[in-house]
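S.K.: Requesting a structural model of the entry that follows:
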Amino acid sequence: MYKATHLYTRLLLLPLLLLFTSQWNGYAQTYTYTRTNVGCDGQWGTAACWEITVLDATNCNPTYDYPVINPSSSCESSIIINGDLTYSGNMTLGGGFTSITVNEASTFTITGDLSISGGETVDVYFDGRDSKLEVGQQLTINPSATINVLGPSDLSDEEEISSFVEVHNLFVRGKSKLSVDENAGIIINGTTEAHTPSNDAEDKALIDVDGIFNTKSIYIRGNSHLAFEVTEDAQVRASEPGGTLEMNGNSTLTFIGDYYEAGGDADGESYVDVGGNIDTNGSNAKITADDATIFTCSVFPTNIQKVETNEGEFMEGNCRILPVIWLDFNVSILNHLEKPKLSWSTAKEWENSHFEIERSLNGIDDFLFVGQVNAKGWSNEISSYTFKDPIYYPPSSRLYYRIKQINLDGSSTYSQVISIQSPSSPTKTWMAFPNPTDGNHLSISNPTKSVNLSDPITIKIYTPGHFANFHSVEYEYSPTLNLDNLVQSAPKGLLILEITWNNQTDRIKILNR
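M.R.: Residues are numbered from 1 along each chain as shown. Take a look at the predicted model:
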């Protein structure tokens, strides 16, 4: 199986590679995109957004002030993205362009198709949380090409994966390969299609998943072959409710656990879920559970041959797919006089009726119903929800919350349990809310009431490491100040809110989503 640690080593060595290109086989040219640059409008072709570092002037002589993708280029170039960026049209990677790094809270959007040139290897790094690569149409991995998707290397075991490649369709051709490491995921909102025309099942496309792989449908063309290598901690959904797993002609689909890896064992504890319809138009299609357990919501047709090996197993009529894919769940409090605010989001929903919020005080053994929020029901997009607990926050106490998700058929599942502790006293003169913000609303308050009425208040917003102000405004004192205009002019991502009064300064980190 593809081991992410090798690529993490390469990522950690990237600064050295850039400095010592002549001694290391590194990148001879780096394009760094920064959304906060003056004059940057978030579009790929705007020169003001980019900085170019050239370490090999012999082979690299950029004639543009922004990356012009040329897969046949001999100039090894990397792209680093800070902030939201849009590329309008289709893109082909390979040759000179084989590395893209998307930094924390940044989204790189390609509106058209993304193709990986045949025989090339392309690495997509997510260097931080809440990072995305969004492809508006199709991701095509051409014969003998590989794309490696890597999440942040410091993600702890307790953290949820929040860095994703999201595409409309995935098309794997020939002996191509997609690898997703343990800290990243890929979401296919439409169809994963395999076309590897060969009489030899060894001529297969490979999808190697250590993290998350979700697709609505899978279509395997006649005489085509597709294999998944699935670690025991990976989440693989080979089709979802409303989708289809369709195998045509003499096609094969194989799910492989860790039996063939060093230290692996034959225990069938690599799990795969098939939640949609299963269909075939031939009589020689074959699906193999090799050290993997395949849970299916329905039953495989009799004209699809099923093979179990190395403790692999088919669990038909056993649907484990949850109707809701959770992204996050948080609780926040402005100060001890305010009510707790819960916020959560889902990546997808299927037949989701509503959420019931439950709270327990100073323990997890006595949860009580405190409110309800209606769900969107069906959605392939990120859905966000909030709920303000009617209880006033008891000082010096800990509150526990969980959410009961109710399906249209009355069945239910629970979220994780989260908690919040009452602060004994405010640690800052000023507090900002809501935080995170949606980019439209932001206010600050002075809970200590320690600022004199005569003190003018100066407020600045900027991004870490970039001290050019997006906005600097002076206000007359008020216990609560509305900063909507400030945050609406600021970029997405991590911001610093600097508040200055009477030769004192508070700095508050704000996440602008």
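
S.K.: quick one: low-confidence parts of the stretch 1-150 of the chain?
M.R.: For the stretch 1-150 of the chain, the stretches flagged by pLDDT under 70 are 1-26.

S.K.: now the helices for it?
M.R.: Listed in chain order, the helices of the stretch 1-150 of the chain (DSSP state H, counting those that start in this stretch) span 4-12, 14-19.

S.K.: In stretch 122-136, which residues are buried?
M.R.: Of all the residues in stretch 122-136, those buried under the rule 16 or more other CB atoms under 10 Å are 122-136. Quick note: C-beta positions are derived from backbone N, CA and C, even for glycine.

S.K.: Please write out the alpha-carbon positions of it in PDB.
M.R.: Presented in PDB, the C-alpha positions along stretch 122-136 are these (Å, rounded to 0.1, in the frame of the first residue of the first chain):
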ATOM      1  CA  VAL A 122       1.300  14.600  -9.100                       C
ATOM      2  CA  ASP A 123       1.200  15.300  -5.300                       C
ATOM      3  CA  VAL A 124      -1.500  17.400  -3.700                       C
ATOM      4  CA  TYR A 125      -0.600  18.400  -0.200                       C
ATOM      5  CA  PHE A 126      -3.000  19.900   2.400                       C
ATOM      6  CA  ASP A 127      -0.700  21.700   4.800                       C
ATOM      7  CA  GLY A 128      -3.300  22.500   7.500                       C
ATOM      8  CA  ARG A 129      -6.900  22.000   8.400                       C
ATOM      9  CA  ASP A 130     -10.000  22.900   6.400                       C
ATOM     10  CA  SER A 131      -8.100  22.800   3.100                       C
ATOM     11  CA  LYS A 132      -9.800  21.900  -0.100                       C
ATOM     12  CA  LEU A 133      -9.200  21.200  -3.800                       C
ATOM     13  CA  GLU A 134     -12.500  21.500  -5.700                       C
ATOM     14  CA  VAL A 135     -12.800  20.300  -9.300                       C
ATOM     15  CA  GLY A 136     -16.000  21.500 -10.800                       C
END
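
S.K.: Off-centre distance for it?
M.R.: The gap between where stretch 122-136 is centred and where its chain is centred comes out at 7 Å by CA atoms, centre = their mean, to the nearest Å.

S.K.: in what helix or strand does S179 lie?
M.R.: Using DSSP states H and E, the element containing S179 is strand 177-180.

S.K.: Identify the residues contacting that strand?
M.R.: When contacts are defined by CB atoms under 8 Å, 6 or more residues apart in numbering, strand 177-180 is touched by residues 2, 4, 141, 145-149, 170, 172, 186, 205-213.

S.K.: Repeat that for stretch 288-295.
M.R.: Contacts for stretch 288-295 (CB under 8 Å, 6+ apart): 228, 230, 238, 252-260, 264, 266-274, 287, 306-315, 318-321.

S.K.: Buried ones in it, by neighbour count?
M.R.: Of the residues in stretch 288-295, those buried (16+ other CB under 10 Å) are T288, A289, D290, D291, A292, T293, I294, F295.

S.K.: which regions of the chain sit below the pLDDT cut-off?
M.R.: Looking at the chain by pLDDT under 70, you get 1-26, 322-323, 334-338, 362, 364, 392-397, 422-428, 447-455, 465-471.

S.K.: at 50 instead, please
M.R.: For the chain, the stretches flagged by pLDDT under 50 are 1-25, 425-426, 467-468.

S.K.: Note down every partner strand of the strand holding S179 and its orientation.
M.R.: strand 146-150 (parallel), strand 205-209 (parallel) (DSSP bridges).

S.K.: want to throw these into JSON lines with mean neighbour count?
M.R.: Formatted as JSON lines, the strands paired with strand 177-180 follow (neighbours: other CB atoms under 10 Å):
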{"stretch": "strand 146-150", "mean neighbour count": "24"}
{"stretch": "strand 205-209", "mean neighbour count": "25"}
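
S.K.: Mind putting those into a markdown table with distance to W44?
M.R.: Below are the strands paired with strand 177-180 laid out as a markdown table (distance: least, CB to CB, whole Å):
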| stretch | distance to W44 |
| --- | --- |
| strand 146-150 | 19 |
| strand 205-209 | 28 |
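
S.K.: I'd like to know which of these lies nearest to K341.
M.R.: Proximity to K341 (CB to CB) singles out strand 146-150 among those, at 33.5 Å.

S.K.: For that closest one, C-alpha coordinates in CSV please.
M.R.: The C-alpha trace of strand 146-150 is given here as CSV (Å, rounded to 0.1, in the frame of the first residue of the first chain):
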residue,chain,number,x,y,z
THR,A,146,-0.6,8.7,-10.2
ILE,A,147,-2.1,11.3,-8.0
ASN,A,148,-1.2,11.3,-4.3
VAL,A,149,-3.5,13.2,-1.8
LEU,A,150,-1.9,14.0,1.5
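
S.K.: please begin residue numbering at 418 from this point
M.R.: Got it, the first residue is 418 from now on, which makes the last one we talked about strand 563-567.
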